[in-house]
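Engineer: Need a 3D model of the following:
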Amino acid sequence: MRNIFDSLFFGVWENILKQGGTAADAAIAALFCNGVLNAHSMGIGGGFMMVIYSHKNRKADCLIAREKAPMAADKYMYSHSKSNWADIMQPSRTGGLAIGVPGELRGYWEAWKKYGKLEWAKLVEPSIQFSCNGYNMTKHQYDMLFFRKTAIKNDPNLR
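Structural biologist: As a prediction, the model looks like this:
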């Protein structure tokens, strides 16, 4: 998986800093890009944790914006017998109840409000460019999509 130090993400990070952005601005912009380019495993549909250390104040701040269970979820969704666990169509494994209500975007927003300097639009612009202009898919992303190809094609929510 890519990280912010790969050339693509480092370019985004570096550009935000050159525009006068803070490390938090740069991290948020790189995280948005990582979410676009690695949407199969991270992004604004998930949770968020960030630790920010102020050398000047010698203090660390931790922002946590994790996913929450959907309102319609219940504790019995996860009590399948072992023989049913392989059934991919269980509500705890596929569909809207299988995922948490995202907190990541809220976490980015809170980090930006506390530590950001640039306009929000400047932080999302690189991701918009990748989304509109395309990018080279990683082997890992291809493998994950190929592995789930049948489930993706048969999911009525993705039509």
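
Engineer: Centre of the chain to the helix or strand harbouring Glu125, how far?
Structural biologist: Element membership of Glu125 [criterion: DSSP states H and E] is helix 120-133. Its chain's C-alpha centre and that of helix 120-133 lie 15 Å apart, by C-alpha atoms, centre = their mean, to the nearest Å.

Engineer: what mean pLDDT does the helix or strand following that helix have?
Structural biologist: Proceeding N to C from helix 120-133, the next assigned helix or strand is helix 139-147, under DSSP H and E. Helix 139-147 comes out with an average pLDDT of 88.

Engineer: got the contact list for helix 139-147?
Structural biologist: Met1, Leu37, Asn38, Ala39, His40, Ser41, Ile152 (C-beta atoms under 8 Å, 6 or more residues apart in numbering). To be clear about C-beta, it is placed using only N, CA and C from the backbone, and glycine gets the same treatment.

Engineer: If you rank those residues by neighbours, which is first?
Structural biologist: Leu37 (23 neighbours; other C-beta atoms under 10 Å).

Engineer: got the phi/psi numbers for that residue?
Structural biologist: The phi and psi torsions at Leu37 (degrees, to the nearest 10) take the values phi -80, psi -20.

Engineer: picking up where we left off before, widest-spaced pair of the contacts of helix 139-147?
Structural biologist: Met1 and Ile152 (20.0 Å; C-beta to C-beta).

Engineer: how about the nearest residue to Glu110, chain neighbours excluded?
Structural biologist: Leu63 (5.6 Å; C-beta to C-beta, 6 or more residues apart in numbering).
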